[in-house]
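Q: Everything below, folded, please.
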Amino acid sequence: MALRIRTLGDPVLREKSRTVEEFDAEAKELISEMADTLCEKPGRAGLAAPQVGVLKRLFVYDLGYGPRCLINPEIVAAQGEQPNEEGCLSLPGIYITVPRFERVRVRCTTPSGHNVVIEAEDFPARLMQHECDHLDGVLIIDRCDDEERKRALEEYQELEMKKALPDA
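A: Presented below is the predicted three-dimensional model:
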C-alpha cells in the first residue's frame with residue numbers, strides 16, 4: 001500500500017527522527033509500505049520515514065537494483081565537495097543546486113539485523129546525504145544560498161497554487 005508523502009509545510013518534516021530500537025513487525029510493515037511508495041512512480045530514488053509522517057531513523061532507496069533499506073544510518077566519514085541539482089519528493093517539481101560531499105561512509109543496520117558500513121560516491125553518496133538530512137529535519141532548501149532558496153520557495157508556491165485551481 002502506497003503511503004501519503006508529506007510536503008513542505010508539514011511540521012513532521014522539520015523534526016528529528018528517533019533511533020529504531022527494535023526491528024519488529026511494525027517496522028517491517030513500514031519498510032514494505034515505504035518501498036511500495038518509492039516504486040509507485042518511476043524516477044524516485046529515496047524516501048525517508050519522516051516523509052511519510054513517521055519519526056524513525058530509516059529510509060528506503062532504489063539505485064536500480066530494487067528497493068533497499070538503511071536503519072539508523074550515520075555518516076561517519078565524508079570527503080570532496082560536489083554541487084549538483086537535487087529534487088525532493090517533499091518539494092515536488094522543485095530542483096535546487098545543493099553542495100554535497102562527493103564520497104561518504106555510512107554506518108547502519110540492515111533489515112536483516114546486520115551492522116554494515118557502506119561506501120558511496122557521486123549520486124549514491126548524494127542520495128545517502130539527502131535522506132540522512134530528512135532524518136534530522138533538514139530539507140534541500142536549507143542547503144542552498146538565500147537567493148536559490150527564495151527562488152525555489154516562490155516556484156513551489158506557484159506550483160501549489162496551480163494545483164489548487166480548478167481546471168478551466
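
Q: check contacts around L135.
A: 16-17, 48-50, 57-59, 73 (CB atoms under 8 Å, 6 or more residues apart in numbering). All C-beta spots, glycine's among them, are computed from the backbone N, C-alpha and C.

Q: so what's the backbone phi/psi at it?
A: The phi and psi values for L135, taken as degrees, to the nearest 10, are phi -70, psi -20.

Q: Which strands or helices does the lowest-mean-pLDDT helix or strand in the chain pack on?
A: Counting by mean pLDDT, DSSP states H and E, the chain has its least confident helix or strand at helix 146-164, which shows a mean of 90. Helices and strands touching helix 146-164, by 3 or more CB pairs under 8 Å, 6 or more residues apart in numbering; DSSP states H and E, are strand 95-109.

Q: So for the strand it packs on, mean pLDDT?
A: Averaged over strand 95-109, pLDDT sits at 97.

Q: before we move on, what about stretch 115-134?
A: The pLDDT scores in stretch 115-134 average 98.

Q: show me where this protein has strands.
A: Ranges of strands within the chain are 46-48, 58-61, 68-87, 95-109, 115-121, based on DSSP state E.

Q: can you pull the buried residues of the least confident helix or strand of the chain?
A: Neighbour-count burial for helix 146-164 flags 149, 152, 156 (criterion: 16 or more other CB atoms under 10 Å).

Q: Over to stretch 38-54?
A: By 16+ other CB under 10 Å, the buried positions in stretch 38-54 come out as 38, 44-52, 54.
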